[in-house]
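In: from the sequence below, what's the structure:
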Amino acid sequence: MEATNNRRRSQRLFLQVQVVVQGKLANKSSFSEQTHTIVVNAHGALVEMRASLEQGQTISLQNVRTTESIDCTVKLVTPSGAGKFNAALEFVKPHADFWRISFPPDDWSARYADLKKDA
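Out: Numbering: from 1, shown residues only. I've put the predicted structure just below:
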């Protein structure tokens, strides 16, 4: 039971944040798609997209509100219906502040990760 509780590195928040996803498709053509997150955490997000991304590819994710961009790796792509896809994106470097959450979960801070190691 304990292994299940520790499976995720950070708590997920169901939150819609307007984002722009940019990169290159499998055919090497550039794309840019404005969309929104479904879920965010300290290590990335789940977004719904029209473009079908490839697992393992690197893309750029821009937070529309702050205009900040971050590189991400596509971890998983699944169909979501109506010709769209859900893409799980992981920050290349963890950046909990990317979402500008006023009251982030405790496990989004580096200090919490250090405390967990000592436990």
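In: low-confidence bits of this protein, can you list those?
Out: Scanning the chain with the threshold set as pLDDT under 70 gives 1-8, 110-119.
In: try 90
Out: Applying pLDDT under 90 to the chain flags residues 1-13, 25-28, 52, 81-82, 94-96, 101-119.
In: in it, which spans are helices?
Out: 2-5, 110-118 (DSSP state H).
In: distance of the closest residue in space to residue 9 that isn't next to it in sequence from residue 57?
Out: Spatial nearest neighbour of residue 9, chain neighbours left out: residue 43 (5.6 Å); criterion: C-beta to C-beta, 6 or more residues apart in numbering. The C-beta positions use only the backbone N, C-alpha and C, and glycine is treated the same way. Distance of residue 43 to residue 57, given as C-beta to C-beta, to the nearest Å: 17 Å.
In: which of those two has more neighbours?
Out: A side-by-side neighbour count of residue 43 and residue 57, using other C-beta atoms under 10 Å, places residue 43 first with 20 against 15.
In: got a list of what that one touches?
Out: With contact taken as C-beta atoms under 8 Å, 6 or more residues apart in numbering, residue 43 is in contact with 9, 10, 90, 91, 94.
In: who wins for most neighbours among those residues?
Out: Most neighbours among the contacts of residue 43, by other C-beta under 10 Å: residue 10, with 20 neighbours.
In: residues touching stretch 31-40, excluding its own?
Out: Contacts for stretch 31-40 (C-beta under 8 Å, 6+ apart): 12-25, 45-51, 64, 86, 99, 101.
In: just the buried ones out of those residues, please.
Out: Buried members of these, scored by 16 or more other C-beta atoms under 10 Å, are 12-13, 17, 19, 21, 23, 45-49, 51, 86, 99.
In: and which of the residues you listed is nearest residue 107?
Out: Nearest to residue 107, judged by C-beta to C-beta, of these is residue 12 at 10.5 Å.
In: tell me the spacing between the closest one and residue 85.
Out: Distance from residue 12 to residue 85, by C-beta to C-beta: 19 Å.
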